[in-house]
Structure formats: C-alpha cells, structure tokens
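In: Sharing a model that was predicted from the sequence below.
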Amino acid sequence: MDLKNVIETDGDERAVSPVIGVILMVAITVILAAVIGAFVIGIGDQQDSAPTASISFSQDTIDNEVEISHESGATLDASEIEVQIEGDGANTYSGTDFDDTSWEGEISAGNTLVLGDDPDPDWADGNSGTITVVWNSSDTDSSSILNDFDFEFDS
C-alpha cells in the first residue's frame with residue numbers, strides 16, 4: 001500500500017455540498033422554532049384562564065337598583081367575584097358582602113344580585129358611575145373583567 005496515494009487525491013473529491021448545508025441550517029432553524037414555541041406555550045398554560053360567563057345588567061331608576069344577572073356560561077365561585085362600584089359611592093364588594101343568597105357559593109346561570117339598599121343604601125342615591133364584575137383567580141394573581149355597566153340615578 002502506497003501511503004502517498006491514500007493521502008493525495010485526484011482533485012475530484014469535494015467537501016459537503018452547499019445544498020446539504022442549507023438543508024441542515026433550515027432543519028436546525030425549524031427545530032429551534034419548535035422548541036421555543038413549546039416553551040412559550042407551556043408558560044401560557046400556567047396562568048388561570050378567566051371563566052367564560054355572560055353577565056348582564058338592568059337598571060331600575062324608580063327604586064335606585066341595578067340587577068346583575070348571570071345569563072349563561074361557566075359556573076362562578078362567589079369567593080372569586082368582586083363587584084366594584086366606581087363613582088360617588090365608590091366601593092368594592094365581594095360575593096360574601098351581599099345578603100342575597102344567590103351570590104353565595106356557586107353562581108350559575110339564572111342567579112341574580114340586586115344592588116340597591118344592600119349592602120350600602122347610599123351608594124345609588126343621586127350617583128352615577130360604573131359597576132364592574134371582576135373575576136379574581138384563587139390560585140394565581142390573575143384577574144379579568146367579566147362585564148361592566150354605566151349607571152346614573154336621579155336624586
């Protein structure tokens with residue numbers, strides 16, 4: 001065996017083709033994109049998603065009341081629901097602050113809450129503002145507005 005012939009070449013052999021190099025670069029890019037995408041999606045799953053619930057409002061200007069109704073959607077835990085009243089009689093109430101038993105425990109379709117004399121008889125008299133129903137996660141620090149309503153009462 002001639003060692004010189006093994007080391008020397010005819011000049012016909014070439015290195016890896018540029019096409020194979022491009023294919024390898026594309027494959028590496030696709031794999032990196034898949035790994036990064038899976039990581040990002042995995043982080044998004046750690047947060048609680050807000051329940052899908054249809055909350056409606058109706059106003060009775062004669063009795064200075066606003067009725068909040070759960071129309072349809074997911075059953076809500078009253079301990080995770082806040083009713084925020086922003087305006088002249090600004091306050092925040094949780095589900096346990098109301099005497100109306102339909103907002104204790106689980107709030108399901110058909111349950112209503114009437115805001116008027118309860119919990120604070122003065123919040124509605126001659127006031128205007130916004131009532132917001134907010135869901136607060138019991139597991140994480142996330143929250144979401146389920147619906148809001150602008151009200152205005154005569155004195």
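Out: Done, it's in.
In: For N147, which residues count as its bridge partners?
Out: V133 (DSSP bridges).
In: Surely it touches W135?
Out: No - contact criterion CB atoms under 8 Å: N147 and W135 do not qualify, at 10.3 Å. Where C-beta positions appear, they are placed from N, C-alpha and C, glycine not excepted.
In: Between these two, which has more neighbouring residues?
Out: W135 (21 against 15; other CB atoms under 10 Å).
In: ok, the more buried one to I85 distance?
Out: For W135, the distance to I85 (CB to CB, to the nearest Å) stands at 17 Å.
In: Please apply the same query to T29.
Out: From T29 to I85 the distance is 53 Å (CB to CB).
In: of those two, who's got more company?
Out: I85 (22 against 10).
In: Pairing partners for that one in the sheet, please.
Out: N91, I131.
In: From what I see, it and G129 are in contact.
Out: Yes - under the criterion of CB under 8 Å, I85 makes contact with G129 at 6.3 Å.
In: Could you pull up phi and psi at I20?
Out: Dihedral angles of I20 (phi, psi; degrees, to the nearest 10) stand at phi -60, psi -40.
In: what about it, neighbour count?
Out: Around I20 there are 10 residues (other CB under 10 Å).
In: do the same with I68
Out: 24.
In: in what helix or strand does it lie?
Out: strand 65-73 (DSSP states H and E).
In: who does the next helix or strand after that strand pair up with?
Out: Next in sequence after strand 65-73, counting helices and strands by DSSP H and E, comes strand 76-77. With DSSP bridges as the test, strand 76-77 is paired with strand 106-107 (antiparallel).
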